[in-house]
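Trainee: heads up, no residue letters with this:
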């Protein structure tokens, strides 16, 4: 089978958004459903989410958090308590108004279902759970001895998106939402920073995605938060994706929901709360960060299968020996480990052409592909191909050497993806100190991020953002104490830097 | 601290339903929320669900199933396609009719949220997902090569319950739902039986609950199914709980949703589908099966903590040595295994009285409690108490012996709970061959199950059930080929036996 020019049409350069949809389709990860804006996550996509969950869940538990589960439906009255929060989510809430259906027959005798049993108070499907978890916290917290309260929930949430896009922006998505309550502002802020770092670590170690760690400006904050920390990833069209956020909510929700405690001096105080989350959007970020014109590229830590072994069986008389040899190799490899977990290895012994099989696994992004044919069997070699390298590159390795090096090779794949992403990102962040350069930069549709001194107001930021269809992605935490430089807009001297970019 | 007569008020004998609520409260497992009929699952309860998930998920994957995720919201038109199914769930469907809110200020300046953005077609929150998963299957299946299709989903579902009860019957609950499609009736039936056995195994090994494996009668079947297999547990008030079900759906959903495939003879055929599920109801079953008048009793496999170590520190000069010794013991025990997993051990070194701590862990159901005091430290002994034994029973064991035996002791606890449940159940199933004995039996409010020959019609079954507020729990699979005996109602000779009982 001849190598196709590229397995995905169109290419990234030709049409990035369409390429993205086609990568998902070719890897069989997800598809749209008839429920408006909602996706079906197929097994290959869901296995990636399971790996993300497993990694994060272990990190949350290791830092003292416990999982719990809160109701899907939130009484409208809860939302009304925190006005800024309510207004922030109002335009995208799915509302439950009835609790039963009546079957009616239409004129053709066909069953029609009609809503009935109108609720006296409607519910919204949670767009996020601050209000309902806050109500529980107000029951649970009495004394400083009950603090800190460190809770996480894995759940589905719903935000009625007008322009849905698989994984990146869907009406229903899966996520985790951490919710914590603390005695002091300092402890709550420390929690938000700890989680911020935890997210950055997980994205680096698991997804091979480097992030910029920063704080959102007031205009971009979570509705109801005092401050929002973000991890921002750059993907291959140079747009930004907000991959995870960690919010310090001050005493706003505590006051709205009366979450009080008796402190060490026997005085009643409001708690300080935080919330933080990442979602199935990470899968979209992953796809846009690493995949190429042949399809999905998966970092090994997240790959549902890390090594695919394909028997090449041109002749009937060696066929069974080769297949057996492949299974034996797989079994041996399953005793090796990558990042402390057994290698995930699959033999594809389906009765299909070798080229068909190879390209299926290329498109699914499996990090290492191995072929074993008659000559390899004889020489005790294997033919190795790496997904992070060109599809026609291959190397022949002693079988025993490969077994010994398998885990290291996976580490190399991880490292190469991470370094490539890091270099791409850093090559596409430009320092900018003049407004005219700034405005010129955004004329190019394909331009990367700008890093500028900034001292403007919220209104000035919003005006500039709207004009160029960009946003301040964040104020990078490690660049808030720079030498003074004039704000690109106002000229006011500023020690603070902002990153601007287009985003999903 | 004197031993209380019992830690839970009321006792099981005094008021079983109220005892059940109090056990949940005392163990801090869950609570009601302001969302009608919906519970908050607290960390101790949720950790039990996580253990159930982990066990079942591994079993599903080992038998070839893959996880996926389907939309929460189901278009009304999907429900209408399978009339029996739609009518079965119509009275308990939460209906989404609007997709946004408008914030209005009332006369006091308070924000009021009002639903707006009316949907042209309403959605229901999934009460179960046959219809929406069937729609996906109809897109995915083309040829016999795509079969069997073996999918599982972990999800929340919603059924608007009129009389909710924590874990057992809540408007929202968590579950897994398996959905599979097959070429033939035989393969689909084989799948339902395999899963039926898988559920029985998991309940026995994980929850120490023995079940009766049987088939539901037509009256009790899942709406839209051709046959329903069930695992039925008896709890301590002698009522039945349907703990899990596995349905053969025939070609009913395939025809309603056009799930067809091209078979081996190149003919288009409808697939045969199955569905099967267990839910957070298992936690309610677990509580009612094993707990006692001192609170929750947890089988070791499911316990969030299997061993609690409580330092007993009457004197300041030995306090730190004892606490250190407890932590050292915990660390050693964490290297031991029970059912192939590291032991879950916690030291409770909070600055609280020993009695307070002991009773907290009794009420939380931890299988083994260990105390170490000054004399124990000196003698290298530990004081062991087992949750499956009376709260005042204790034994003093050499520390090294305990370490060696810890896993075996947990196995003994598991075995004793399982045997106790099995004996209780078998003692409370009575064979019955006459209608007068049958009718007399149900006069007693506290009577167990009856096993009878049965050959009645659906109508006769429903009449008899209604009269005595009982149901046929199942036709036990191992008793469908018995010697002929006259049906208790009709006198018709029957080789089939039915189990009747009150139920949750």
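Mentor: Received it, and whenever you're ready, just let me know what you need. It should be emphasised that the depicted structure is a prediction, and the values quoted were computed from it without experimental measurement.
Trainee: quick one, phi psi at residue A:358?
Mentor: Recorded main-chain torsions at residue A:358 are phi -50, psi -50, according to degrees, to the nearest 10.
Trainee: Quickly note the distance from it to residue A:25.
Mentor: 19 Å (Cβ to Cβ, to the nearest Å). (C-beta placed from N, C-alpha, C; glycine too.)
Trainee: the more surrounded of those two?
Mentor: Legend: neighbour count by other Cβ atoms under 10 Å in any protein chain shown for residue A:358 and residue A:25, higher for residue A:358 (20 against 15).
Trainee: these two touch, right, the more buried one and residue A:369?
Mentor: Yes - taking contacts as Cβ atoms under 8 Å, residue A:358 lies within contact range of residue A:369: 6.6 Å.
Trainee: Quick check: neighbours shared by the two?
Mentor: Common contact partners of residue A:358 and residue A:369 (Cβ atoms under 8 Å, 6 or more residues apart in numbering or on different chains): residue A:310.
Trainee: now residue A:261, which residues is it bridged with?
Mentor: residue A:269 (DSSP bridges).
Trainee: longest helix of chain A?
Mentor: Counting residues, the longest helix found in chain A (DSSP state H) is helix A:399-427.
Trainee: Show me how far it is from its chain's centre.
Mentor: 21 Å (Cα atoms, centre = their mean, to the nearest Å).
Trainee: Just the pLDDT for residue A:59.
Mentor: If you check residue A:59, the pLDDT there is 98.
Trainee: how many other residues sit next to it?
Mentor: 17.
Trainee: Help me confirm that it is found in a helix?
Mentor: Yes - applying DSSP: H, G, I helix; E, B strand; the rest coil, one finds residue A:59 inside a helix.
Trainee: I'd say it and residue A:199 touch.
Mentor: No - with contact defined as Cβ under 8 Å, residue A:59 does not reach residue A:199; the gap is 9.0 Å.
Trainee: Would you map the helices across chain A?
Mentor: Along chain A, counting by DSSP H, helices occupy A:16-27, A:43-62, A:76-81, A:83-89, A:130-140, A:185-207, A:252-257, A:281-290, A:316-333, A:354-364, A:374-379, A:399-427, A:435-441, A:458-468.
Trainee: Which pLDDT value goes with residue A:343?
Mentor: At residue A:343, pLDDT is 98.
Trainee: From chain B, how far out is it?
Mentor: 16 Å (Cβ to the nearest Cβ, to the nearest Å).
Trainee: which residue sits closest to residue A:201, ignoring its sequence neighbours?
Mentor: Closest residue to residue A:201 apart from its sequence neighbours, by Cβ to Cβ, 6 or more residues apart in numbering or on different chains: residue A:59 at 7.6 Å.
Trainee: contacting residues around the one you found?
Mentor: A:198, A:201-202.
Trainee: Of the residues you listed, keep whichever come out buried.
Mentor: Taking 16 or more other Cβ atoms under 10 Å in any protein chain shown as the criterion, what is buried in the contacts of residue A:59 is A:198, A:202.
Trainee: Adding distance to residue B:449 and pLDDT as columns, could you present the contacts of residue A:59 in TSV?
Mentor: Below are these laid out as TSV (distance: Cβ to Cβ, whole Å; pLDDT from 0 to 100):
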residue	distance to residue B:449	pLDDT
A:198	52	98
A:201	55	98
A:202	51	98
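Trainee: quick check, nearest of the contacts of residue A:59 to residue A:81?
Mentor: Nearest to residue A:81 out of the contacts of residue A:59 is residue A:198 (Cβ to Cβ; 29.7 Å).
Trainee: Could you double-check that the closest one sits in contact with residue A:65?
Mentor: No - if you go by Cβ under 8 Å, residue A:198 and residue A:65 don't touch, sitting 10.1 Å apart.
Trainee: quick one: residue A:143 from residue A:260, how far?
Mentor: The gap separating residue A:143 from residue A:260 is 10 Å, by Cβ to Cβ.
Trainee: Compare the two and say which one has the larger neighbour count.
Mentor: Between residue A:143 and residue A:260, residue A:260 has the larger neighbour count (other Cβ under 10 Å), namely 17 against 11.
Trainee: these two touch, right, that one and residue A:271?
Mentor: Yes - counting by Cβ under 8 Å, residue A:260 does reach residue A:271; the two are 7.1 Å apart.
Trainee: Spell out which residues are contacts of both of the two.
Mentor: Contacts common to residue A:260 and residue A:271, judged by Cβ under 8 Å, 6+ apart, are A:141, A:254.
Trainee: just the strands in the stretch 151-300 of chain A please.
Mentor: Remark: strands assigned in the stretch 151-300 of chain A by DSSP state E, counting those that start in this stretch are A:172-182, A:212-215, A:227-234, A:240-248, A:260-262, A:268-270, A:272-279.
Trainee: Relative to residue B:313, which of those is closest?
Mentor: The closest of those to residue B:313 is strand A:260-262. By Cβ to Cβ, the value is 26.9 Å.
Trainee: Show me what that closest one is packed against.
Mentor: Here strand A:260-262 touches strand A:268-270, going by 3 or more Cβ pairs under 8 Å, 6 or more residues apart in numbering or on different chains; DSSP states H and E.
Trainee: Other residues contacting the strand it packs on?
Mentor: Contact with strand A:268-270 is made by A:183, A:251, A:254-255, A:259-263, as judged by Cβ under 8 Å, 6+ apart.
Trainee: again, 7 Å this time
Mentor: A:251, A:254-255, A:259-263 (Cβ atoms under 7 Å, 6 or more residues apart in numbering or on different chains).
Trainee: tell me which parts of the stretch 151-300 of chain A are close to chain B?
Mentor: Proximity of the stretch 151-300 of chain A to chain B, by Cβ under 7 Å from any Cβ of the partner chain, involves residues A:156, A:158, A:160, A:172, A:174.
Trainee: hang on, the earlier thing: any chance of the strands of the stretch 151-300 of chain A in TSV, with distance to residue A:9 and mean pLDDT too?
Mentor: Shown next, in TSV, are these (distance: least, Cβ to Cβ, whole Å; pLDDT from 0 to 100):
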stretch	distance to residue A:9	mean pLDDT
strand A:172-182	28	98
strand A:212-215	32	98
strand A:227-234	25	98
strand A:240-248	24	98
strand A:260-262	60	98
strand A:268-270	57	98
strand A:272-279	29	98
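Trainee: Determine which of those approaches residue A:439 most closely.
Mentor: strand A:240-248 (18.9 Å).
Trainee: buried stuff in that closest one?
Mentor: A:240-248.
Trainee: Closest one of the residues of the stretch 151-300 of chain A next to chain B to residue B:490?
Mentor: The nearest member of those to residue B:490, counting by Cβ to Cβ, is residue A:156 at 49.4 Å.
Trainee: measure residue A:444 to residue A:193 for me?
Mentor: Look at residue A:444 and residue A:193: by Cβ to Cβ, they are 35 Å apart.
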